[in-house]
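**Student:** can't give you the sequence, but here's the structure:
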């Protein structure tokens, strides 16, 4: 049985959105100058509209940017990030901040072109679907990294990820399972994506999980 | 978190941009006439805090300076540039003059600001090269970079900010002696830039009490 996704049984502290907003504002210029703003540029080229979330790369291959772990919003989750089973030298950490906004369609995608990893999420609605996950159709299994995934490239069966807790961690592990954010799920929230070479998933304690 | 210095209002920057094509041709002339060589020393000096004794670069890194501010150089560099005798020093100064005659457009751009100008030159790095993060030898100057031939795989590191790339005819600046900076080239084509040091006093309009 291979894991597609699971919600971890871990306590996650609250992250005040105002602190995240300040961080996003302080680092805007540096992010736009950096090589990591490519994702927003590609999104704009493909969709002819701005990337709907604020995004910051906090760590890449274990190299920390902005001294983020010493800053207030992230101090509280430093140990959580360290505790995830990822080899530090390969770890990359991305902050996603969504202001409440009108509906949008983010389509199926892989985060950072890499299918597996963890999402530490804050301020989720436990009555709403957070993510939808679907398997790529057989003929699209070998798409090059970074390819745009159209809705007709995935199978009809969709797995709904409904969080058990407001602040929580998901493990997304299905290599051929892109995900999307439902169009009606556009309220304010924060996600921190932690990826890299996973050591083992066997020691994790899951609240829920779906396997194939 | 201000580590890059806004030089957009400094008139020299505009004239460098406007004359980008001619300046690029002048670099080509320097290369054709073999007025370019490896950086003379490869170990960082004692004045370079946090860097003392470390290897400065690996790979292929060449430069051609048309102006040299002695205080920006280590003793090893000065010895390599000027040689041991007064005759060798005179010959080196003569060589600088010849290079200034080749870079006539660049010199015209610099002319109104000569009282503030420090070292000026070009730097070329090949793919696979790495310039360790370091501090410059002197705190008096703002170092301006202008992209000449760029490669998205060649990135610039400043302090703990995410890496950025150079773009042709685009400029950025930082405090050479006070900001920890370095370069990594994981791309495919050589990357060349123009470097111009300008005394911080020329930027008094910025009204910075303390330089970043």
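**Tutor:** Perfect, thanks for sending it. Predicted model only: the values in this text are computed from it and were never measured.

**Student:** got the contact list for residue B:16?
**Tutor:** With contacts defined as CB atoms under 8 Å, 6 or more residues apart in numbering or on different chains, residue B:16 is in contact with B:23, B:106, B:109, B:144, B:146, B:171, B:194, B:196. Every residue, glycine included, has its C-beta placed from N, CA and C.

**Student:** got the end-to-end distance for stretch A:47-55?
**Tutor:** The first and final residues of stretch A:47-55 sit 17 Å from each other (CA to CA, to the nearest Å).

**Student:** again with stretch B:79-95
**Tutor:** Termini of stretch B:79-95 sit 15 Å apart (CA to CA).

**Student:** per-residue pLDDT, whatever residue of chain A ends up closest to chain B?
**Tutor:** Closest to chain B within chain A is residue A:34: 3.8 Å, counting by CB to the nearest CB. The predicted structure scores residue A:34 at 94 on the pLDDT scale.

**Student:** just give the nearest non-adjacent residue to it, would you?
**Tutor:** residue B:162 (3.8 Å; CB to CB, 6 or more residues apart in numbering or on different chains).

**Student:** quick one: mean pLDDT for the helix or strand residue B:101 falls within?
**Tutor:** In this structure, residue B:101 sits in helix B:86-102 according to DSSP states H and E. Along helix B:86-102, the predicted local confidence has a mean pLDDT of 93.

**Student:** show me what the following helix or strand past that helix is packed up against.
**Tutor:** Moving toward the C-terminus from helix B:86-102, the next helix or strand (DSSP H and E) is helix B:104-110. Using 3 or more CB pairs under 8 Å, 6 or more residues apart in numbering or on different chains; DSSP states H and E as the contact test, the elements touching helix B:104-110 are helix B:11-18, helix B:20-32, strand B:61-67, strand B:117-125.

**Student:** which of those is buried the deepest?
**Tutor:** When the helices and strands packed on helix B:104-110 are scored by mean count of other CB atoms under 10 Å in any protein chain shown, the highest mean neighbour count falls to strand B:117-125 (a mean of 22).

**Student:** so residue B:81 touches residue B:93, yeah?
**Tutor:** No: at 9.8 Å, residue B:81 and residue B:93 do not qualify as touching, with contact defined as CB atoms under 8 Å.

**Student:** which of the two has more neighbours?
**Tutor:** For residue B:81 versus residue B:93, neighbours defined as other CB atoms under 10 Å in any protein chain shown are more numerous around residue B:81 (18 against 12).

**Student:** quick one: list the elements packing against the one helix or strand the more buried one maps to.
**Tutor:** Using DSSP H and E, residue B:81 sits within helix B:75-82. Contacts of helix B:75-82 with other secondary structure elements, assessed using 3+ CB pairs under 8 Å, 6+ apart, are made with helix B:86-102.

**Student:** of all the residues in the helix it packs on, which ones are buried?
**Tutor:** B:92, B:96, B:99, B:102 (16 or more other CB atoms under 10 Å in any protein chain shown).

**Student:** thought the first one was touching residue B:85?
**Tutor:** No: Residue B:92 is beyond contact range of residue B:85, at 10.6 Å (criterion: CB under 8 Å).

**Student:** what separation do you get for residue A:210 and residue A:129?
**Tutor:** Computed with CB to CB, to the nearest Å, the distance linking residue A:210 and residue A:129 is 13 Å.

**Student:** point out the residues in chain B that sit beside chain A.
**Tutor:** Taking CB under 8 Å from any CB of the partner chain as the criterion, the neighbours of chain A within chain B are B:1, B:3-4, B:152, B:155, B:160-165, B:172.

**Student:** can you say which of those are buried?
**Tutor:** Applying a neighbour-count criterion of 16+ other CB under 10 Å, the buried members of the residues of chain B next to chain A are B:3-4, B:155, B:161-165, B:172.

**Student:** would you format these as a markdown table with pLDDT and distance to residue A:3 included?
**Tutor:** Compiled in a markdown table, those are given as follows (pLDDT from 0 to 100; distance: CB to CB, whole Å):
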| residue | pLDDT | distance to residue A:3 |
| --- | --- | --- |
| B:3 | 84 | 41 |
| B:4 | 91 | 43 |
| B:155 | 97 | 35 |
| B:161 | 95 | 36 |
| B:162 | 95 | 31 |
| B:163 | 96 | 33 |
| B:164 | 96 | 37 |
| B:165 | 96 | 37 |
| B:172 | 96 | 44 |
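
**Student:** nearest to residue B:66 among those residues?
**Tutor:** Closest approach between these and residue B:66, by CB to CB: residue B:172, at 20.5 Å.
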